[in-house]
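Asker: following is a predicted model, sequence given first.
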Amino acid sequence: MSISKYQVFLKVVSCGTFTKAAEALNFTQSGISHAITALESELGITLLSRNRGGVVLTADGRAVLPKIERLCAAHHALTVESLKDMDSGLVKIATFSSVSAQWLPRILKSFGKLYPNIEFEVVTGDFYDQIESWIITGAVDCGFLRLPSVKRLQTYALHRD
């Protein structure tokens, strides 16, 4: 059993179509379809109903969605935890354009002085829900959100607007 199938499932759910999920994950549409079919086969249930407009969760899919979100979040937390006390690595940050322009350059410059071997990848999202989804699925390590977090993520207030 591979965590990547669960991550693909969550991406398909958040994007609404196999094609959009494939684009977001740099997969082929066929690869996404194969991963979902394999996951459904492993679990012995149908997770998604496919139609011309995209996909919708089945009743079984709705039932297991929160469990899969928790599983992916736990996997992500374990991965992030294993990076503690390391001198180098890559941190993926999800943000929106105003934070990228106004805050992030100063934050990353200050952090870079303390930890010069840590690299950053900044991913810009269009919606807070999208950033939360990326954090839950492990696509990013952390992100800038509005409070309170809809998904009840661990948050720290940085600024009151």
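Answerer: Good, I have the coordinates. From a predicted model like this one, the values you see are computed outputs, not experimental measurements.
Asker: how about Lys11: what's its closest non-neighbour residue?
Answerer: Distances taken as Cβ to Cβ, 6 or more residues apart in numbering put Ala21 closest to Lys11, at 4.4 Å, once the chain neighbours are dropped. All C-beta spots, glycine's among them, are computed from the backbone N, C-alpha and C.
Asker: gap between Ile107 and Ala24?
Answerer: Going from Ile107 to Ala24 by Cβ to Cβ, to the nearest Å gives 26 Å.
Asker: in a helix, Asp129, correct?
Answerer: Yes. Secondary structure assignment places Asp129 in a helix (DSSP: H, G, I helix; E, B strand; the rest coil).
Asker: just give me the neighbour total for it.
Answerer: By other Cβ atoms under 10 Å, 13 other residues sit near Asp129.
Asker: and the contacts of stretch 8-26?
Answerer: Residues outside stretch 8-26 that contact it (Cβ atoms under 8 Å, 6 or more residues apart in numbering) are 27-29, 31-33, 35-36, 39, 47-48, 50, 54-55, 57, 61, 65, 68-69, 72, 130, 133, 136-137, 139.
Asker: quick check: buried residues in that stretch?
Answerer: By 16 or more other Cβ atoms under 10 Å, the buried positions in stretch 8-26 come out as 8-15, 18, 20-22, 24-25.
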